[in-house]
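Chemist: Kindly generate the corresponding structure for this input.
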Amino acid sequence: MSTLQLAERAGITARRRGEVVGLACDVLEDEGLIERVDGGRHPKWRRPIRLIAEMCMTTAFPPASGGRAPALDERLARELVQGVVQSATARDVDPAARLREFRTLQQAAIAMSRDPAVIHAAEQLVRAIDLTLQELTPVKT
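Modeler: Model (predicted):
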């Protein structure tokens, strides 16, 4: 998919949405979660073949525990987001800026995934990020 297709699927309506999604895709590429298909001015992105193979293996041969990992609930999502805040603070990075970056990545995951469990987890994280950002924003009087 192109960055504009990803932005449209994620519901990102900012004026420079292609750039925002492009930055998120660059981060995802650095993490090895997606790969650039075209290197031109308007690159396209896809899941790496390695990840697709791993997903197929996991689906075909589920873990020995006999089931999937428990779904991400609101409490766990909040704990994960608090971990991001603590990590940013420990590294002397603006936690709100780090959360906005993390939110963009979650929106990209929602746009790129066809797995309902992944989409649900990313949506839970986006909600937790939004709540935490509200808490971090000082109230103006």
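Chemist: Surely residue 15 forms part of a helix?
Modeler: No - per DSSP: H, G, I helix; E, B strand; the rest coil, residue 15 lies outside any helix segment and is coil.
Chemist: buried set for the one helix or strand residue 6 maps to?
Modeler: Taking DSSP states H and E as the definition, residue 6 sits inside helix 3-10. Judged by neighbour count (16 or more other C-beta atoms under 10 Å), helix 3-10 contains these buried residues: 3, 6-7, 9-10. From N, CA and C alone the C-beta is placed, and that goes for glycine too.
Chemist: how much space is there between residue 45 and residue 73?
Modeler: Counting by C-beta to C-beta, to the nearest Å, the gap between residue 45 and residue 73 amounts to 30 Å.
Chemist: okay, those two: which has more neighbours?
Modeler: More neighbours surround residue 45 than the other of residue 45 and residue 73, with 24 against 12 (other C-beta atoms under 10 Å).
Chemist: my guess is the more buried one meets residue 38, correct?
Modeler: No - in this structure residue 45 lies outside contact range of residue 38 using C-beta atoms under 8 Å: 9.1 Å.
Chemist: what is in contact with the two at once?
Modeler: Taking C-beta atoms under 8 Å, 6 or more residues apart in numbering as the contact criterion, no residue touches both residue 45 and residue 38.
Chemist: For residue 132, which non-adjacent residue is spatially closest?
Modeler: In space, and not counting its chain neighbours, residue 132 is closest to residue 81: 5.0 Å by C-beta to C-beta, 6 or more residues apart in numbering.
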